[in-house]
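In: quick one, structure for this:
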Amino acid sequence: MYSIKEIDVNELNQQIESLPDNVKLIDVRTPAEVARGKIAGSENLPLHVIPLKVNDFDNDDKIIFYCQTGARSAQACAFMASKGIDNVYNLRGGIVTWAQMGFPIT
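Out: Residues are numbered from 1 along each chain as shown. Reported below is the predicted structural model:
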């Protein structure tokens with residue numbers, strides 16, 4: 001079992017305006033879910049597609065995954081860690097907590 005590192009919504013909000021190029025914010029929800037809103041600057045990569053795209057990630061990158069509540073993004077983190085990419089973080093509480101805290105959704 002792989003340990004999953006987490007970032008909370010307050011930490012992400014503080015960092016979001018100045019995310020360096022080597023930080024990737026990945027939304028693992030379906031396109032239909034993303035159509036209802038997403039965190040600005042994020043890229044959509046549905047959970048089921050991640051195994052096909054694993055070689056597109058670099059261990060030098062910091063990857064922050066999020067989903068609706070944090071469950072699917074935790075799966076993405078565990079999968080990436082199993083492939084040797086361990087600089088991955090789960091957004092605790094997902095976009096639901098992000099919205100509840102009043103942070104913007106585009």
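In: okay, buried residues for stretch 42-56 please.
Out: Neighbour counts over stretch 42-56 (16 or more other CB atoms under 10 Å) mark Ser42, Leu45, Pro46, Leu47, Ile50 as buried. Quick note: C-beta positions are derived from backbone N, CA and C, even for glycine.
In: also stretch 8-25?
Out: For stretch 8-25, burial by neighbour count (16+ other CB under 10 Å) applies to Val9, Leu12, Ile16, Val23, Lys24, Leu25.
In: which residues touch the fourth one?
Out: Residues touching Val23, when contacts are defined by CB atoms under 8 Å, 6 or more residues apart in numbering, comprise Gln15, Asp61, Lys62, Ile63, Ile64.
In: among those, name the ones in strands.
Out: With DSSP state E as the criterion, strands contain Lys62, Ile63, Ile64 from among the contacts of Val23.
In: any idea which of those has the most stuff around it?
Out: Using other CB atoms under 10 Å as the neighbour criterion, Ile64 leads the ones in strands among the contacts of Val23 with 26 neighbours.
In: what about Phe65, neighbour count?
Out: 29.
In: what are the bridge partners for it, then?
Out: Phe65 forms beta bridges with Ile26, Asn90, as assigned by DSSP bridges.
In: which residues does it contact?
Out: The neighbourhood of Phe65, defined by CB under 8 Å, 6+ apart, consists of Ile26, Val28, Ser73, Ala74, Ala76, Cys77, Val88, Tyr89, Asn90, Leu91.
In: so which of the contacts of Val23 is the closest to Ala35?
Out: Taking CB to CB as the measure, Ala35 lies nearest Ile64 of those, at 20.9 Å.
In: so how far is Glu6 from the closest one?
Out: Between Ile64 and Glu6 the computed distance is 10 Å (CB to CB, to the nearest Å).
In: which residues are common contacts for the two?
Out: Here Ile64 and Glu6 have Tyr89, Asn90, Leu91 as joint contacts, going by CB under 8 Å, 6+ apart.
In: with adjacent residues omitted, what lies nearest to the last one?
Out: Beyond its immediate neighbours in the sequence, the residue positioned closest to Leu91 (CB to CB, 6 or more residues apart in numbering) is Tyr66, lying 3.7 Å away.
In: please tell me I have it right and that neighbour contacts Thr97.
Out: No. With contact defined as CB atoms under 8 Å, Tyr66 and Thr97 do not form a contacting pair (9.5 Å).
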